[in-house]
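Colleague: Sequence isn't available, so here's the structure alone:
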C-alpha cells in the first residue's frame, strides 16, 4: 500500500466513476465538459491528501482508498425516511443520490424574484452568477473541491433578486440511498442580491443504515451588499458513511451570514467552511456542534478571511464526544493588513463523556493589521460533578441528570437555530446515554 | 421520621462528625446552631448523600412508608424522591439548564417513583406559577437558566421555591439565612413557614439566631466539634445570641 502514490489512489478510487459520468454527459456544452476534465486532472494530480498534509494531520482518509466508488444511481426513497425532516411551511427540495426528485412546479407560489433551478439548467443557459461563482473558485487547490467540480451538474442554483425576502425556509434534504461504495457529489449555489434575505437548511441523511457511501458536497454562497442568509448544515448520515463537505461564502459590504454546522452522523466527516469577508461592515456568525460516538471521526476546518476593514466574525463550535471517537477543530482567522477595526472572536468548547475520546483543537490567528479586536479560546472538559450532584439531589435519576447537562451544553449552540433545534432535539436527546 | 445515631463522618482523611445523635419527628422544626467548622454543613451533605462525605460508622434511619429505612443505602436521587430536600448554602449555577424545565423533570421523577401520573408542561406551569405567587417571587425566574447570574438572595429564594414545588417530607435548610438582606430573609422565612405541616419536618442549620425569630423552632441543638453538645428549646438560641458559643465550649 505504501508504494501507491496518493495521486494513483485518487485515480483508482474515482476514475471509473468519472469515465461513466463523462459518457452520460457527452451531450453537455463543450466548455463544461472541458471544465470537468481539467478539474478531474487537477484532482488526480493533487491526489488524496495524507496525514503529512498539515490540513489533514489529524484525519486519515484510508476509508476512501479501500476500493473504487461508483456514481450513485437514480433512486427513490420511502416517505418514512423523509418524514422526520419535512416541516410544513418550508420550501422542501429533496435530492436522492444527488438527483433532485422534487418537481419544481409543485413548490407552489414562490416570492417574485426567487429562482430555484437545477444547477445543470443554470449552467446550460449561462446564468451569470453561476459562471461567476465557478470562476471565483476555479483555482482552488483543494482536492475534494476539484473532485466535486469534476462531477459538476447535480445540485441546485438558488438566486434571490435584489431586495427579495423569502420568509419560508428552504430545506434541501440530501438522501443517500443504496448499500455500496456509492459517491454523490452535489453542488449548490446560493446567490443573494443586494438587501435580499433568506434561510437555507441542508440536511444529509442515509436511507440505509448500513451504507458505506461517500458524499462530497460543495455549497457556494455569494451575498451582495446588505444581503442576509441563515445557512444551516445538518449532517446525520449513517454510521459507516463518509462525508466531506465544503461551504464557501463571500460577503459584500454590510452583508450578514449566519452559519450552523451540525455533524452527528458518518464514520468520517470533514467539513470545511471558508468565509471571505470582502465588504466593509460585513459580518459572519459561525456556529457548530459535533457529536461523536463509538468509531466516529469528525473534523471541522473554518477559515475566516478578513479582507477589508470593519468586518466582524464570531465563531462558537462545540463538541460532545463519547466512546472511542475523535474530533478535530481547526479555526483560521486571517486579518489582512488593510483590515483595520476587525472584530474576530472564536471559541471551541468540548465535552468529553469518555476517557477514550480525543479532541484536537487548534486556533490559528494570522493577524497583519494592528488595530483589531481578536480573541480565541478553547476548552476541553467533562460533565461537572457539582452540577450532576445538584440535579440528582432534587430527584433526577443520574442518567436523566447527565442527559440534561449534555443537552444544555448542546443547546447553547442549537438555540441559534430554534426551528432546526425543535426537530432535532429528540435526536440529540437520544444520541447519548 | 429521622433517627441519626452515633454518626461519624470523614471528609478526606479528616473526621468531621464524631458521634452525632439526632431524632426528628413529623411536624417538628429543629434548629442546629454552632460555630464555624463544627460540622453543620457536613451533616446536611451527608443527609443528601454527597459522595465526598464518607460515613465511617453510625446509622441514619429515615421512615419510608412508616418503616425506618437505612438512608445510607439510598443514592442521592433516591433520597430526594423519598422526600428529603436540602436547600444548599451555595446553590450551584448550572448553565444551559432551564429553571422551570429542571423543576418539572425533578417533580415528575418524584411522581413516577410514587406511581402518580406525571404533570404535562401546561399543568406544571400553572402549578409552578401558583407556588411562585405563594412565595411572592417574580415569574421571570422560571425562564432563566438554573441559578445562573442569580443574586445571592435570588438563589436562596429559588431553593425555597424548589422546596415548595417538590413538597419534601424532610427539608434541611443549610444556612439559608446567610447573605440575605432583611427583606429576603423575611420572604424566605415566610415561604418556609407556609410549608410547615404536621406531616413534614424542617432541620434548619444556621450560625445566627436571626432567622429563628421568623421560623420558630421546637428544638435548638448546639453542634460543636462534631457532636451535639447541648439541646433545648428556642430560648437556647436567644442565649447563644446574647452570650456567643464560648461559654458552651469551655
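Modeller: The structure has been received and is ready for your questions. Computed from a prediction, not measured in an experiment: that's the story for all the values here. Numbering: from 1, shown residues only, chains lettered A, B, ... in the order given.

Colleague: Report the contact partners of the closest residue to residue A:61 other than its chain neighbours.
Modeller: Sequence neighbours aside, residue A:48 is the residue nearest to residue A:61 in space, at 5.5 Å (criterion: CB to CB, 6 or more residues apart in numbering or on different chains). Any C-beta I mention is one placed from the backbone N, CA and C, and that applies to glycine too. Each residue near residue A:48 by CB atoms under 8 Å, 6 or more residues apart in numbering or on different chains is listed here: A:6, A:9, A:10, A:13, A:61, A:64, A:65, A:143.

Colleague: With secondary structure and neighbour count added, can I get the residues you listed in TSV?
Modeller: Below are the contacts of residue A:48 laid out as TSV (DSSP: H, G, I helix; E, B strand; the rest coil; neighbours: other CB atoms under 10 Å in any protein chain shown):
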residue	secondary structure	neighbour count
A:6	helix	18
A:9	helix	19
A:10	helix	24
A:13	helix	21
A:61	coil	22
A:64	helix	22
A:65	helix	17
A:143	helix	24
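
Colleague: Kindly tell me how buried whichever residue of chain B sits closest to chain A is, as a neighbour count.
Modeller: Going by CB to the nearest CB, chain A is nearest to residue B:96 of chain B, at 2.8 Å. The number of residues packed near residue B:96 is 18, by other CB atoms under 10 Å in any protein chain shown.

Colleague: Could you measure from it over to residue A:390?
Modeller: Note on residue B:96: its distance to residue A:390, by CB to CB, to the nearest Å, is 13 Å.

Colleague: And for residue A:246?
Modeller: With CB to CB as the criterion, residue A:246 and residue A:390 are 42 Å apart.

Colleague: and residue A:31, backbone torsions?
Modeller: As for residue A:31, its main-chain torsions (degrees, to the nearest 10) stand at phi -60, psi -40.

Colleague: higher neighbour count, residue A:246 and residue A:390?
Modeller: A count of neighbours by other CB under 10 Å puts residue A:390 above the other of residue A:246 and residue A:390, at 25 against 22.

Colleague: Could you say which helix or strand holds that one?
Modeller: helix A:385-392 (DSSP states H and E).

Colleague: Any regions of chain B where pLDDT drops low?
Modeller: B:250 (pLDDT under 70).

Colleague: hey, which helix or strand in chain A has the poorest pLDDT?
Modeller: helix A:418-431 (a mean of 73; mean pLDDT, DSSP states H and E).

Colleague: Counting neighbours, what do you get for the closest residue to chain B within chain A?
Modeller: Closest to chain B within chain A is residue A:408: 2.8 Å, counting by CB to the nearest CB. Residue A:408 is flanked by 19 other residues according to other CB under 10 Å.

Colleague: show me the contacts for the residue nearest to the spatial centre of chain B.
Modeller: Centroid-nearest residue in chain B, with CA atoms, centre = their mean: residue B:172, separated by 1.9 Å. Neighbouring residues of residue B:172 by CB under 8 Å, 6+ apart: B:44, B:47, B:48, B:84, B:85, B:86, B:87, B:202, B:203, B:205.

Colleague: partners of the fifth one in the sheet?
Modeller: Beta bridges link residue B:85 to residue B:171, judged by DSSP bridges.

Colleague: That one is in contact with residue B:166, isn't it?
Modeller: Yes. Using CB atoms under 8 Å, residue B:85 is in contact with residue B:166, at 6.0 Å.

Colleague: More neighbours: which of the two?
Modeller: The neighbour comparison of residue B:85 against residue B:166 (other CB under 10 Å) goes to residue B:85, with 24 against 21.

Colleague: For that one, list the residues it contacts.
Modeller: A:394, B:162, B:163, B:166, B:168, B:170, B:171, B:172.

Colleague: where exactly do the helices run in chain B?
Modeller: B:40-48, B:76-81, B:99-113, B:121-134, B:152-166, B:182-195, B:234-243, B:246-249 (DSSP state H).

Colleague: Identify the residues contacting the fourth one?
Modeller: Contacts of helix B:121-134 from elsewhere in the structure, counted by CB under 8 Å, 6+ apart, are B:100, B:103-104, B:107-108, B:119, B:138-139, B:141-142, B:161, B:164-165, B:191, B:194.

Colleague: ditto for the first one
Modeller: Taking contacts as CB under 8 Å, 6+ apart, the residues outside helix B:40-48 that touch it are A:393, B:7, B:9, B:11, B:16-17, B:20, B:32-34, B:52-53, B:55, B:60, B:71, B:76, B:79-80, B:84, B:86, B:89, B:172, B:174-175, B:203, B:205, B:207, B:223.

Colleague: Work out the gap between it and the centre of the chain.
Modeller: Relative to the chain's own centre, helix B:40-48 is displaced by 9 Å; criterion: CA atoms, centre = their mean, to the nearest Å.

Colleague: again with the last one
Modeller: In terms of CA atoms, centre = their mean, the gap separating the centre of helix B:246-249 from the centre of its chain is 26 Å.

Colleague: The stretch 301-433 of chain A against chain B: which residues are in contact?
Modeller: For the stretch 301-433 of chain A, the residues in contact with chain B (CB under 8 Å from any CB of the partner chain) are A:385-387, A:389-398, A:400-401, A:404-405, A:407-409, A:411-412.

Colleague: okay but residue A:286 is in contact with residue A:312, surely?
Modeller: No. The pair residue A:286 / residue A:312 is not scored as a contact, 11.4 Å apart, by CB under 8 Å.

Colleague: who has more neighbours, the two?
Modeller: residue A:286 (24 against 19).

Colleague: List the beta-bridge partners for the more buried one.
Modeller: residue A:259, residue A:315.

Colleague: Over to residue B:60?
Modeller: Beta-bridge partners of residue B:60, as defined by DSSP bridges: residue B:4.

Colleague: Identify the residues contacting it.
Modeller: B:2, B:3, B:4, B:5, B:7, B:46, B:47, B:70, B:71, B:72.

Colleague: likewise residue A:220?
Modeller: Here residue A:220 is in contact with A:133, A:136, A:137, A:187, A:188, A:189, A:190, A:248, A:249 (CB under 8 Å, 6+ apart).

Colleague: Quick check: pLDDT value at it.
Modeller: At residue A:220, the model reports a pLDDT of 98.

Colleague: tell me which element it falls in.
Modeller: Per DSSP H and E: strand A:214-223 holds residue A:220.

Colleague: What of residue A:410?
Modeller: helix A:398-414.

Colleague: Give me the mean pLDDT for that helix.
Modeller: Averaging the model's pLDDT scores along helix A:398-414 yields 91.

Colleague: ok, residues contacting that helix?
Modeller: A:260, A:262, A:287-289, A:291, A:316-318, A:320, A:349, A:351, A:353, A:383-384, A:387-388, A:391-392, A:396, A:420-421, A:424-425, A:428-429, A:432-433, B:75, B:77, B:94-97, B:102, B:105, B:109.

Colleague: Thanks a lot, see you next time.
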